[in-house]
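In: Just need the structure, nothing else, for what follows:
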Amino acid sequence: MRGLLLSLALTASAWGQCPVGYSYQRSITVNSGQVTGTQSNFPMLVLNPTASLKTTGNGGHVTSASGYDVIFVNGSGSTLAFELVGHGTGSTSYSANTGDAQFWVQVASMETGSTVYMCYGNSGVTTYQGDDVATWSGYRAVWHLDEATNAQATDSSGNGFNSTTNVATQAAGKVGNGQSFTSGSSNSLVFAAPNTVAEGDYTISAWLKVDPAVSFGMALDLRNSGNGPVLFTGDTGFPWAEVSFGPAAIESFPITAADNTWHYLVETRSGSTLSVYVDNHAAATGSSSSTTWGDATASIGKDFGGSFYTQLSDETRFLTTALPANWILAEYNNQNDPGSFYAIGAETTPAGPASFTASPTAVPANNSANIVITLTGTDTTWSAETFSISGVSGVTKIAQNIASGTEATLTITTGSSTGTLTISDGSISTTITVGMGGGGTCAVVGAQ
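Out: Residues are numbered from 1 along each chain as shown. Okay, the predicted model is just below:
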């Protein structure tokens, strides 16, 4: 039993970071300049990382037609929570033909140089290995907006804030697919009220693309009778972000972002401080002393008053804490250009469990002349190991020589005892027979 446990332990550690059963792995390392400081529990976007994620029938290395044998682990081999967007639906982001996929991986501690590992190629996996709820722990609502035309927009946070009005057209988004809204068709997505919590700090974030010819775009409206936060963009001369906590507490920031280009818009409230961000910089700050929201529904593409907007929307989220500026900057860098945010390492095939054999496999007893045993390793890295022998009394180790990481010799003499002799390099072992019970020839050299 002890030998079996040793073998299992060695097998697990010899497969790099990925668990046994996964045939391939790649590192994903955050590049310099992409993250300031350390961000905790950061949901990192991994978008279309490699064509190797095509299925085996399409020339790749993934065995599941749904992409389910792709997982992520940290440097210690512990599995990380992640979401494969659209898994199990007709709007899955995974393509068996191209290997494209949209993953969100929760990284416990994110900073420059942080590395996670993507593991894939495991025919034993047939079910989804991700954990959407754990990936978005702490978020009130997460809408990727990748769904098909006029389909229900689903909330990945696990809180169930799925859309109840579903009038939008699937279109190319900023991150994968998004939704297109046309005011003339009264397009909108309306959700149950996600702000049914104590009024206070929050973060709203969204990708929005608005043509200046149509003036306004509604990123997310959480108002009820004018009370509550709202994030929208407007043409020259119009405020693009507004936070209203009642008729006497309205904050507007006159910065134009309606230029037919994707922009990352973020609005936070921390205490009485309101902050608005456009892309990779803080745009404006203000303040509000009111804390009255009302129990409003959420809507994209329309406002609480019933006005509809022409726009493209993607990746819209609501969080009941105020995210710091460095987090927002890292989010923008990650989502705006994933290929610059991280570096994908070369594909490696994890090594199999290390082992070695001895030749000959049987030697005579009562042999006072030197017997040379040749040791041949598989996936060994011998350099300064000390080989030991045990199990048969009267056997003496005379010398050893390591020729390479996989080749060595051991010189022994034997006494009158017979049996199974164990040869170990300190981690793994092999055996030979003393007494020629199994037959074999051995190299016997003159006494030294």
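In: Endpoints of stretch 298-308, how far apart?
Out: One end of stretch 298-308 sits 14 Å from the other (C-alpha to C-alpha, to the nearest Å).
In: can you pull the buried residues of it?
Out: Residues of stretch 298-308 classed as buried by neighbour count (16 or more other C-beta atoms under 10 Å): 298-304, 308. C-betas here are computed from N, CA, C, even on glycine.
In: Domain-wise, how is this structure divided?
Out: 1-138+328-352, 139-320, 354-445 (automatic domain parsing).
In: could you pull out the helices for the stretch 201-350 of the chain?
Out: 325-336, 338-341 (DSSP state H, counting those that start in this stretch).
In: buried residues in the last one?
Out: So the one you mean is helix 338-341. By 16+ other C-beta under 10 Å, the buried positions in helix 338-341 come out as 338, 341.
In: Give me the mean pLDDT for it.
Out: Mean per-residue pLDDT for helix 338-341: 98.
In: And for stretch 382-401?
Out: Mean pLDDT, stretch 382-401: 94.
In: Next: stretch 158-168.
Out: 94.
In: Mind telling me what element the spatially most central residue of the chain is part of?
Out: With distances taken as C-alpha atoms, centre = their mean, Val105 lies nearest the centre of the chain, 3.0 Å away. Following DSSP states H and E, one finds Val105 within strand 102-110.
In: quick check, distance from that strand to the centre of its chain.
Out: Centroid displacement of strand 102-110 relative to its chain, using C-alpha atoms, centre = their mean, to the nearest Å, is 5 Å.
In: Show me what the helix or strand following that strand is packed against.
Out: Proceeding N to C from strand 102-110, the next assigned helix or strand is strand 115-120, under DSSP H and E. Under the contact criterion of 3 or more C-beta pairs under 8 Å, 6 or more residues apart in numbering; DSSP states H and E, strand 115-120 touches strand 24-30, strand 70-73.
In: in whichever helix or strand comes after strand 115-120, what counts as buried?
Out: Heading C-terminal from strand 115-120, the first helix or strand you meet, by DSSP H and E, is helix 132-135. For helix 132-135, burial by neighbour count (16+ other C-beta under 10 Å) applies to 132, 135.
In: same check, this time on stretch 393-403
Out: 395, 400, 402.
In: Compile the helices and strands packed on strand 115-120 into a markdown table and extend it with columns for distance to Gly217 and mean neighbour count.
Out: Below are the helices and strands packed on strand 115-120 laid out as a markdown table (distance: least, C-beta to C-beta, whole Å; neighbours: other C-beta atoms under 10 Å):
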| stretch | distance to Gly217 | mean neighbour count |
| --- | --- | --- |
| strand 24-30 | 31 | 20 |
| strand 70-73 | 34 | 24 |
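In: how many other residues sit next to Ala343?
Out: Residue neighbour count, defined by other C-beta atoms under 10 Å, stands at 13 for Ala343.
In: follow-up on the earlier one: give me the sheet partners of the strand holding Val105 and which way each runs.
Out: Applying DSSP bridges to the sheet, strand 102-110 is found paired with strand 39-47 (antiparallel), strand 82-84 (antiparallel).
In: Just say which of those strands is most tucked in.
Out: Among the strands paired with strand 102-110, strand 82-84 has the highest mean neighbour count (mean count of other C-beta atoms under 10 Å), at a mean of 24.
In: what residues does that one touch?
Out: 67-68, 70-72, 92-94, 101-106, 128, 130-132, 135-136, 156 (C-beta atoms under 8 Å, 6 or more residues apart in numbering).
In: Please state the offset of that strand from the chain centre?
Out: 7 Å.
In: mean confidence for it?
Out: 98.
In: which SS class is Gly57?
Out: At Gly57 the chain is in helix, as set by DSSP: H, G, I helix; E, B strand; the rest coil.
In: Now do the contacts for it.
Out: Gly57 neighbours (C-beta under 8 Å, 6+ apart): Ala96.
In: from here on, count from 260
Out: New numbering, starting at 260: the last item is Gly316.
In: Tell me the spacing between it and Gly694.
Out: 54 Å (C-beta to C-beta, to the nearest Å).
In: Asn629 too?
Out: 18 Å.
In: And the pLDDT at Thr492?
Out: Reported pLDDT for Thr492: 74.
In: ah, wrong one, I meant Gly545
Out: 73.
In: residue boundaries of the strands in the stretch 360-509 of the chain?
Out: Secondary structure of the stretch 360-509 of the chain (DSSP state E, counting those that start in this stretch): strands at 361-369, 374-379, 398-402, 422-426, 428-431, 436-440, 447-450, 461-468, 475-480, 486-493, 500-504, 509-512.
In: Could you dump the ones you listed into JSON lines with distance to Leu578 added?
Out: As requested, these are exported to JSON lines (distance: least, C-beta to C-beta, whole Å):
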{"stretch": "strand 361-369", "distance to Leu578": "14"}
{"stretch": "strand 374-379", "distance to Leu578": "23"}
{"stretch": "strand 398-402", "distance to Leu578": "5"}
{"stretch": "strand 422-426", "distance to Leu578": "19"}
{"stretch": "strand 428-431", "distance to Leu578": "25"}
{"stretch": "strand 436-440", "distance to Leu578": "20"}
{"stretch": "strand 447-450", "distance to Leu578": "15"}
{"stretch": "strand 461-468", "distance to Leu578": "4"}
{"stretch": "strand 475-480", "distance to Leu578": "12"}
{"stretch": "strand 486-493", "distance to Leu578": "12"}
{"stretch": "strand 500-504", "distance to Leu578": "15"}
{"stretch": "strand 509-512", "distance to Leu578": "19"}
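In: quick one: which of those is nearest Pro612?
Out: Closest approach to Pro612 among these is made by strand 374-379 (17.0 Å; C-beta to C-beta).
In: now the angle between strand 283-289 and the closest one, please.
Out: Angle, strand 374-379 to strand 283-289, by axes from the mean of the first three to the mean of the last three C-alpha atoms, to 10 degrees: 150 degrees.
In: what's next to strand 374-379, contact-wise?
Out: Against strand 374-379 from outside (C-beta under 8 Å, 6+ apart): 275-278, 281-289, 303, 305, 308, 311-312, 320-321, 328-334, 339, 364, 366.
In: which stretches of the protein have low pLDDT?
Out: 260-274, 454-458, 484-486, 493-517, 547-554, 609-611, 696-707 (pLDDT under 70).
In: where do the strands sit along the stretch 510-659 of the chain?
Out: Going by DSSP E, counting those that start in this stretch, the stretch 510-659 of the chain shows strands at 522-529, 532-537, 540-546, 557-559, 570-578, 601-603, 614-618, 621-622, 629-637, 647-649, 655-661.
In: Can you say which of those strands is nearest to Leu448?
Out: Once the strands of the stretch 510-659 of the chain are compared by C-beta to C-beta, strand 557-559 is nearest, at 4.6 Å.
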